[in-house]
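Asker: Quick one, structure for this:
(one chain, ligands or ions: 1)
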Amino acid sequence: MPRRCFLIVNPTSGSYSRRRIDSVMRSLERAGLVPQLLLTESAEDASLFARRICAEEPEPFIVAGGGDGTVNGLVNGLVPGVATLGVLPLGTANVLAKELCIRSLNESVEKIVRQQSRPISVGMLESAGKSAYFLLMAGIGFDGAVVEGMRLSEKRIVGKGAYLLSALRVLADWDRQLFTISIDGKDMTCHGVVICNASKYGGNFILAPGADISNPDFQVVCVKDSRLTTYLKLMMGLAAGRISGEGISTIRGREIVIGGEKAVQLDGDFHCHGPVRVTAVENFLNIIV
Ligand SMILES: Nc1ncnc2c1ncn2[C@@H]1O[C@H](COP(=O)(O)OP(=O)(O)OP(=O)(O)O)[C@@H](O)[C@H]1O
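Answerer: Numbering: from 1, shown residues only. Have a look, this model is predicted:
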């Protein structure tokens with residue numbers, strides 16, 4: 001029997017066009033799938049659609065059309081352990097697609113048609129009695145503050161440059177305060193932390209070469225002091241593909257507890273302020289590879 005395939009697509013994503021989606025729909029139909037298009041009308045829709053599909057389908061096959069924000073919203077509506085997820089990179093940074101080595105929309109469609117998948121784990125962040133999932137990373141401190149301070153009005157005009165403007169504002173009002181972090185029971189203090197479930201960050205930059213979304217272990221990149229030179233080293237390491245240096249360490253872990261009230265971003269969108277607890281959820285979904 002032809003398999004139903006739900007396309008949850010964000011028409012406000014960076015590289016969306018109706019023509020591209022129509023062409024994807026035709027390719028999927030030609031390949032014998034029965035695609036159903038659901039366009040989001042608000043930031044909450046991806047999650048609501050995913051929740052509804054999971055309530056109706058025993059083995060839902062869902063495709064996320066958009067960027068990392070859309071994928072994150074969708075994942076937060078899924079029932080753990082039942083869905084298969086394909087990714088159509090229609091966003092701006094498309095970090096997850098890069099992590100999956102998807103280089104183009106055509107390549108993504110070919111993979112969806114092939115339906116080859118593997119189980120992946122996600123991170124679950126708990127804060128103030130609520131939980132949320134992330135696929136790529138949770139950033140606490142500097143990058144959380146940059147994402148929190150990003151103004152949508154600036155993003156509409158200068159695109160990704162809005163993050164740079166926000167970073168300049170964060171630097172101008174530099175917060176030197178450290179926070180406590182416990183990684184699998186080992187305590188320390190840090191100024192900034194990125195809990196990586198995937199290796200890539202901010203595009204094609206490799207922040208955590210040892211991270212793998214199939215593996216429930218996180219790679220936790222810790223910036224231990226508030227010196228700007230330590231962050232400069234981190235940026236240079238990102239550009240060079242090798243993160244190292246005094247004040248920076250990468251630690252493997254499965255349960256991370258963070259104190260303080262620093263800003264937290266999940267998969268590139270602002271989420272909350274600390275304190276938070278992060279754990280891994282194994283076999284959360286099957287991802288098309
Ligand atoms: N119809 C909509 N109107 C407004 N915002 C939406 C709508 N649908 C989804 N969103 C929100 O838009 C945000 C950004 O979308 P998305 O991540 O798809 O694109 P992007 O920002 O261009 O790409 P990337 O995250 O890869 O940089 C998401 O966090 C999502 O919640």
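Asker: Please pull out the lowest mean pLDDT helix or strand from the protein.
Answerer: Least confident helix or strand, the chain: helix 152-158 with a mean of 87, by mean pLDDT, DSSP states H and E.
Asker: can I get the CA coordinates of that one in PDB?
Answerer: Coordinates of each C-alpha in helix 152-158 appear next as PDB, following Å, rounded to 0.1, in the frame of the first residue of the first chain:
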ATOM      1  CA  LEU A 152      13.200  40.200  14.500                       C
ATOM      2  CA  SER A 153      13.000  43.700  12.900                       C
ATOM      3  CA  GLU A 154      16.800  43.500  12.300                       C
ATOM      4  CA  LYS A 155      16.600  39.900  11.000                       C
ATOM      5  CA  ARG A 156      14.100  41.000   8.300                       C
ATOM      6  CA  ILE A 157      16.600  43.700   7.100                       C
ATOM      7  CA  VAL A 158      20.000  42.200   7.600                       C
END
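Asker: Is it positioned near the ligand?
Answerer: No. Under the criterion of CB under 6 Å from any ligand atom, helix 152-158 makes no contact with the ligand; the nearest approach is 8.1 Å. For glycine as for every other residue, the C-beta is placed from the backbone atoms N, C-alpha and C.
Asker: Show me which positions of that helix end up buried.
Answerer: Lys155 (16 or more other CB atoms under 10 Å).
Asker: Next SSE downstream of that helix?
Answerer: The C-terminal neighbour of helix 152-158 among helices and strands, as given by DSSP states H and E, is helix 161-172.
Asker: I'd like the next helix or strand past that following helix.
Answerer: strand 179-183.
Asker: What pairs with that following strand, parallel or antiparallel?
Answerer: In the sheet, strand 179-183 lines up against strand 186-190 (antiparallel), strand 255-258 (antiparallel) (DSSP bridges).
Asker: and the angle for the helix or strand just after the longest one with strand 179-183?
Answerer: Downstream of strand 186-190, the next assigned helix or strand under DSSP H and E is strand 192-196. Strand 192-196 runs at 30 degrees relative to strand 179-183, counting by axes from the mean of the first three to the mean of the last three CA atoms, to 10 degrees.
Asker: pLDDT averaged over the very next helix or strand once past strand 192-196 - what is it?
Answerer: Later in the chain than strand 192-196, the nearest helix or strand by DSSP H and E is strand 200-201. If you average the pLDDT over strand 200-201, you get 96.
Asker: Now do the least confident helix or strand of the chain: everything it contacts.
Answerer: In this structure, residues lying in contact with helix 152-158 by CB atoms under 8 Å, 6 or more residues apart in numbering are 161-162, 165-166.
Asker: which parts of this protein sit against the ligand?
Answerer: 10-14, 40-43, 45, 66-70, 73, 91-94, 268-269.
Asker: Which of the residues you listed are buried? Put it as a ChimeraX command.
Answerer: Selection of buried members from those for ChimeraX, criterion 16+ other CB under 10 Å:
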select :10,12,13,14,40,45,66,67,68,69,70,73,91,92,93,94,268,269
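Asker: Against Ile248, how distant is Asn94?
Answerer: Counting by CB to CB, to the nearest Å, the gap from Asn94 to Ile248 is 26 Å.
Asker: Could I get the buried residue list for stretch 41-61?
Answerer: The neighbour-count check on stretch 41-61 (16+ other CB under 10 Å) flags 45-50, 53-54, 60-61 as buried.
Asker: Domains in this structure, by residue range?
Answerer: 4-115, 125-282 (automatic domain parsing).
Asker: which one of those lies closest to Val289?
Answerer: Nearest to Val289, of all the domains of the chain, is domain 4-115, at 6.1 Å by CB to CB.
Asker: so how far is the closest one off the chain centroid?
Answerer: 14 Å (CA atoms, centre = their mean, to the nearest Å).
Asker: How many residues are close by Asn106?
Answerer: 12 (other CB atoms under 10 Å).
Asker: Could you pull up the mean pLDDT of the lengthiest strand in the chain?
Answerer: Ordering each strand of the chain by length in residues (DSSP state E) puts strand 276-288 first. For strand 276-288, mean pLDDT rounds to 98.
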